[in-house]
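> here's a sequence, model it:
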Amino acid sequence: MAKTTKHIRLHAGDRTEAVTFQWDASAGATGYLFYYGTQTGVYSGSFAVSGTTYSLSPTPGNHFYAVRAYNANNTSGYSNEVGGMF
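Below you'll find the predicted structure:
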């Protein structure tokens, strides 16, 4: 896994009840860090995800999300950001 990989694609599903995010696997990754925040480019927290999908039900308001791949040696750059008004 390249240290500066930024080509993880992140897609948000239908914004009805739950939102499902899906991204392409990154070669050599052992997991992914899922970042979230209420301002574009400013993430207030993150958590580890083992697969390449994650679903959540956001509260009303602006929310922005990105993913980084990681393994024991490296963490990639951020994926593209998705988000907006929910």
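
> where does this protein dip in pLDDT?
Within the chain, the stretches falling below the threshold (pLDDT under 70) are 1-17.

> where do the strands sit along the chain?
Residue ranges of the strands in the chain, as given by DSSP state E, are 10-12, 19-23, 31-37, 45-49, 53-56, 62-70, 82-85.

> as JSON lines, those with distance to residue 76 and mean neighbour count would be great.
C-beta coordinates here come from the backbone N, C-alpha and C atoms, glycine included. Putting those into JSON lines (distance: least, Cβ to Cβ, whole Å; neighbours: other Cβ atoms under 10 Å) gives the following:
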{"stretch": "strand 10-12", "distance to residue 76": "12", "mean neighbour count": "16"}
{"stretch": "strand 19-23", "distance to residue 76": "11", "mean neighbour count": "18"}
{"stretch": "strand 31-37", "distance to residue 76": "9", "mean neighbour count": "19"}
{"stretch": "strand 45-49", "distance to residue 76": "13", "mean neighbour count": "12"}
{"stretch": "strand 53-56", "distance to residue 76": "17", "mean neighbour count": "14"}
{"stretch": "strand 62-70", "distance to residue 76": "4", "mean neighbour count": "21"}
{"stretch": "strand 82-85", "distance to residue 76": "17", "mean neighbour count": "14"}
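
> please name the residues that touch the nearest residue to residue 40 once chain neighbours are set aside.
Spatial nearest neighbour of residue 40, excluding adjacent residues (Cβ to Cβ, 6 or more residues apart in numbering): residue 64 at 5.1 Å. Taking Cβ atoms under 8 Å, 6 or more residues apart in numbering as the criterion, residue 64 is in contact with 36-43, 81-84.

> may I have the phi/psi pair for the spatially most distant residue from the centre of the chain?
Taking Cα atoms, centre = their mean as the measure, the residue most remote from the mean C-alpha position of the chain is residue 73, 19.7 Å away. Phi and psi for residue 73, reported as degrees, to the nearest 10, are phi -110, psi -30.

> I'd like to know how far it sits from residue 31.
For residue 73, the distance to residue 31 under the criterion Cβ to Cβ, to the nearest Å works out to 13 Å.

> equivalent analysis for residue 45, please.
Residue 45 sits at a distance of 16 Å from residue 31 (criterion: Cβ to Cβ).
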